[in-house]
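1. coordinates only, no sequence provided:
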């Protein structure tokens, strides 16, 4: 059986960091704090309105393409087979 030094377990990086080893160097909690109240009130309303406008623009593009395809229906040509 292998002996484990009790001091090596206490000094490991996982034991020192509150949520394990952090690879983002603390940027994650800072970004969370920065964006915590961002999507409330007028900011949320603005982004919602903008997303609706993008969808309406896509609908207009699709409607134009559907109209262009239905106005000029292509018909095949007849070929005489011998």
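-> Structure's in. What do you need? Predicted model only: the values in this text are computed from it and were never measured.
2. against residue 25, how distant is residue 48?
-> As judged by C-beta to C-beta, to the nearest Å, residue 48 and residue 25 stand 33 Å apart. From N, CA and C alone the C-beta is placed, and that goes for glycine too.
3. who's more crowded, these two?
-> residue 48 (11 against 7; other C-beta atoms under 10 Å).
4. just the buried residues of the helix or strand hosting the more buried one, please?
-> Element membership for residue 48, per DSSP states H and E: helix 42-71. By neighbour count on 16 or more other C-beta atoms under 10 Å, the buried set for helix 42-71 is empty.
5. average pLDDT for that helix, rounded please.
-> In this model, helix 42-71 has a mean pLDDT of 92.
6. what about residue 63, distance to residue 82?
-> In terms of C-beta to C-beta, residue 63 sits 45 Å off from residue 82.
7. ditto for residue 28
-> Distance of residue 28 to residue 82, given as C-beta to C-beta: 75 Å.
8. neighbour count: these two, which is higher?
-> residue 28 (12 against 2).
9. phi and psi next, for the residue nearest to the more buried one when sequence neighbours are not counted.
-> Spatially, and ignoring its direct neighbours in sequence, residue 28 is nearest to residue 22 (7.4 Å; C-beta to C-beta, 6 or more residues apart in numbering). Note on residue 22: its backbone torsions stand at phi -100, psi 120 [degrees, to the nearest 10].
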